[in-house]
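K.L.:
pasted the sequence and its predicted model underneath.
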There are 2 protein chains.
Amino acid sequence: MAVTMNDVARAAGVSLKTVSNVLNDYEFIRPATKQRVQDAIVELGYEANLTARSLRSGKTRMLGLVLSDLSAPYYAELASRLMKAASLRGYRVLVEQSDAVAEVELNALQGPFRQLTDGLLFTPLVIDADAIAARLGKKPLVMLGEHILDPRFDLVTMKNEEAAAALTAHLLAAGRRRIAVVGARPEESTGSPGLRLNGYRKALEQAGVPFDPALIAPCEWRRDNGAAAVAGLLDKGVAFDAVFGLNDVLALGALHELLIRGVRVPDEVAVAGFDDIDEARFASPSLTTVSPGMEEIAQRSIALLLDRIEGQETAGQGVHVEAGFQLKVRESAP
Amino acid sequence: MAVTMNDVARAAGVSLKTVSNVLNDYEFIRPATKQRVQDAIVELGYEANLTARSLRSGKTRMLGLVLSDLSAPYYAELASRLMKAASLRGYRVLVEQSDAVAEVELNALQGPFRQLTDGLLFTPLVIDADAIAARLGKKPLVMLGEHILDPRFDLVTMKNEEAAAALTAHLLAAGRRRIAVVGARPEESTGSPGLRLNGYRKALEQAGVPFDPALIAPCEWRRDNGAAAVAGLLDKGVAFDAVFGLNDVLALGALHELLIRGVRVPDEVAVAGFDDIDEARFASPSLTTVSPGMEEIAQRSIALLLDRIEGQETAGQGVHVEAGFQLKVRESAP
DNA sequence: GGCATGGTCTGCAACGATGTATGCCAGGAA
DNA sequence: TTCCTGGCATACATCGTTGCAGACCATGCC
């Protein structure tokens, strides 16, 4: 079938191992020999068999990326950037969609998926730190997002609380006093919903504006839920002059519902989101939001994970990286 | 390190091959033996080593998906669906982003990427059928999208021309006469841009409306280009009463630019797109578009590719599958 | 001349699974 | 009894690569 190292060795008149040495940049090879081998490789069109290499070396040069749903714009953009960053260092990314199902998340930690990858970028949504620690093998794992804050794990995240506070402060400064929050998850305090809600509360407090639980609309982070949540508030007659969607698709769903109902944005109700997905700039009105430094997150998580994979330090404290953020003020909440 | 078949064999008191036979559902094994092996597997927590299996069997149970950019909403949704469909049949999908660079597309056909996968789902954007045929190995390949229509290859696509014609007819029926087209690629006639443009022209012809080249704005399929293209038309003073974005992000970019400039949509100008991405429903105004049956495309491409991989028929004529479409009439072009 | 040294290359044994060929045993046919 | 067949299990070679240990040779030093 395919050309093997043996064929190359025969063609170059050297041993199989010498071919291997050339391919692996072994130091002590005479230039002439090296050249002969390389010529033979080109002539025969030899390509190393990655599977065999993986079996022997125990490395696959693939990274695993676990997220809930690749079709969510934020994850799609993140995955795209992660793949590019990994590619520059000679790695590929294999994506696993968990759909926020616990079993899938658990299997990603120890099943076949783990075997296929040298390290994991993990966005856990439903399982907790202990469950992860219990199943964690010795392969490196970097947490993405902020659902789990645990000193045992490496983590790359964004300034959720600060950014949410800054955004809320911006709304308050514009005179908004009743800011509805769409997409909260009241029972949690650590995940992104919790942290962002915290930021919101801190900003209110700082401004001396009372917190009103009636303004908090919990839901899953999907566009249609954002619309439904706002519809719910309107139907219940809850008064509000701004909507903070805990991510952009929620905010855009909310924005849509408001406009349908004839609510003027931003005159009557301001709308703001979080993530700064590509779409935010081109919404009508364009969406005020927080840019969480996605490129920085991508770069640094790849760098951190690869350092763990290629470096020697196996354990020690987890490193926590926080990317910077930028407030993007646009038409929906000037 | 890890538990191997040998360990299981020892624990169960059978030979290594018997363990392999149990795992591969070999027919003639005494129930008692089978049970002992399975117990040992559970007790030791054995997991088959996929790399070794791949080396021996020559199969990886991975499919390659080549597309230009995973962060484009259409591709993100498609990739997500393809991965789910593949997963149901026990396959994983490895994504490669070509960025529409010829070299990357070519390498996907024969380099390491090909080696890692049992079959390819390929969306070629810049290389042509002959280049593909020249490098095609014996592993199955299914074309996605419609940039290449060639009897040599399997292809799963959508009814680009018909759907574009139907959409154009809808605009004409609503009384629009000067329909600008954003995202054309005038030099091509086969890719999606070409086919959709054809559909547009046929519908015009059928309605007896003259074709005006001034209304055709060529550009790459990105949101900002959609906006820029409309800006260009307005600045040049080209009169139009509708915009047909050859995909949704173009249409949404165009929509944004129109609204910014104070053009009323749909009163003065109607806007329509193509793809029916999630976002289209929630745009303001919501976007009239064509739903190309993405789920059907995903299902059928996976089915076709896996039939090729697992079936015996290697060659023969390429199969061409066309998914159905639906016109989604919404506010932007009622 | 003997011996350590260092550069260059080689052979062998793995990595962990599967395919092929074969052995062995029991039971039925000859 | 002998032969054959079918059910069940095994041994061995093999996939293509890399790690380890060592062979060989020339050089330089005592």
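P.N.:
All right, it came through fine.

K.L.:
ok, A:Val156 - contacts?
P.N.:
A:142-144, A:297, A:300-301, A:304, A:321, A:323 (Cβ atoms under 8 Å, 6 or more residues apart in numbering or on different chains). C-beta coordinates here come from the backbone N, C-alpha and C atoms, glycine included.

K.L.:
please redo it, this time with the cut-off set to 7 Å
P.N.:
A:142, A:144, A:297, A:300-301, A:304, A:321 (Cβ atoms under 7 Å, 6 or more residues apart in numbering or on different chains).

K.L.:
of those residues, which belong to strands?
P.N.:
A:142, A:144, A:321 (DSSP state E).

K.L.:
just the buried ones among those, please.
P.N.:
A:142, A:144, A:321 (16 or more other Cβ atoms under 10 Å in any protein chain shown).

K.L.:
may I have the phi/psi pair for A:Ala184?
P.N.:
phi -70, psi 160 (degrees, to the nearest 10).

K.L.:
do you know how far it is from DNA strand C?
P.N.:
Taking Cβ to the nearest atom of the strand, to the nearest Å as the measure, A:Ala184 falls 46 Å from DNA strand C.

K.L.:
report the beta-bridge partners for that residue.
P.N.:
Counting by DSSP bridges, A:Ala184 forms beta bridges with A:Pro218.

K.L.:
ok, now which ones touch it?
P.N.:
A:Ala184 neighbours (Cβ under 7 Å, 6+ apart): A:193, A:197, A:216-218, A:246.

K.L.:
swap in A:Arg308?
P.N.:
Counting by Cβ under 7 Å, 6+ apart, A:Arg308 has contacts A:119, A:140, A:154.

K.L.:
which strand or helix spans it?
P.N.:
For A:Arg308, the enclosing helix or strand under DSSP states H and E is helix A:294-310.

K.L.:
go through that helix and flag the buried ones.
P.N.:
A:294, A:296-302, A:304-306, A:308-309.

K.L.:
starting at the chain centroid, how far to that helix?
P.N.:
With Cα atoms, centre = their mean, to the nearest Å as the basis, helix A:294-310 stands 11 Å off its chain's centre.

K.L.:
equivalent analysis for stretch A:4-22, please.
P.N.:
Centre-to-centre, stretch A:4-22 and its host chain are 43 Å apart (Cα atoms, centre = their mean).

K.L.:
output the ones in strands among the contacts of A:Val156 in a markdown table; the columns should cover pLDDT and distance to B:Lys236.
P.N.:
A markdown table is the format used below for these (pLDDT from 0 to 100; distance: Cβ to Cβ, whole Å):
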| residue | pLDDT | distance to B:Lys236 |
| --- | --- | --- |
| A:Val142 | 93 | 50 |
| A:Leu144 | 91 | 46 |
| A:Val321 | 89 | 48 |
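
K.L.:
between those, which sits nearest chain B?
P.N.:
In terms of Cβ to the nearest Cβ, no member of the ones in strands among the contacts of A:Val156 lies closer to chain B than A:Leu144, at 16.2 Å.

K.L.:
tally of neighbours for the residue nearest to the closest one when sequence neighbours are not counted?
P.N.:
The shortest distance from A:Leu144 to any non-neighbouring residue, by Cβ to Cβ, 6 or more residues apart in numbering or on different chains, is to A:Thr123 (4.7 Å). When neighbours are defined as other Cβ atoms under 10 Å in any protein chain shown, A:Thr123 has 20 of them.

K.L.:
need phi/psi at A:Thr289.
P.N.:
The phi/psi pair for A:Thr289 (degrees, to the nearest 10) is phi -160, psi -180.

K.L.:
scan the contacts of A:Ala184 and report the most crowded one.
P.N.:
Neighbour max across the contacts of A:Ala184 (other Cβ under 10 Å) = A:Leu246, 29 neighbours.

K.L.:
what about DNA strand D: which of the buried residues of helix A:294-310 touch it?
P.N.:
Among those, proximity to DNA strand D is found for none (Cβ under 7 Å from any atom of the strand).

K.L.:
and those as CSV, adding pLDDT?
P.N.:
Formatted as CSV, these follow (pLDDT from 0 to 100):
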residue, pLDDT
A:Met294, 93
A:Glu296, 94
A:Ile297, 95
A:Ala298, 96
A:Gln299, 95
A:Arg300, 94
A:Ser301, 95
A:Ile302, 96
A:Leu304, 93
A:Leu305, 94
A:Leu306, 94
A:Arg308, 90
A:Ile309, 91
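
K.L.:
now, which of the residues you listed sits nearest DNA strand D?
P.N.:
If you rank the buried residues of helix A:294-310 by distance to DNA strand D using Cβ to the nearest atom of the strand, A:Ile309 comes first, at 14.5 Å.
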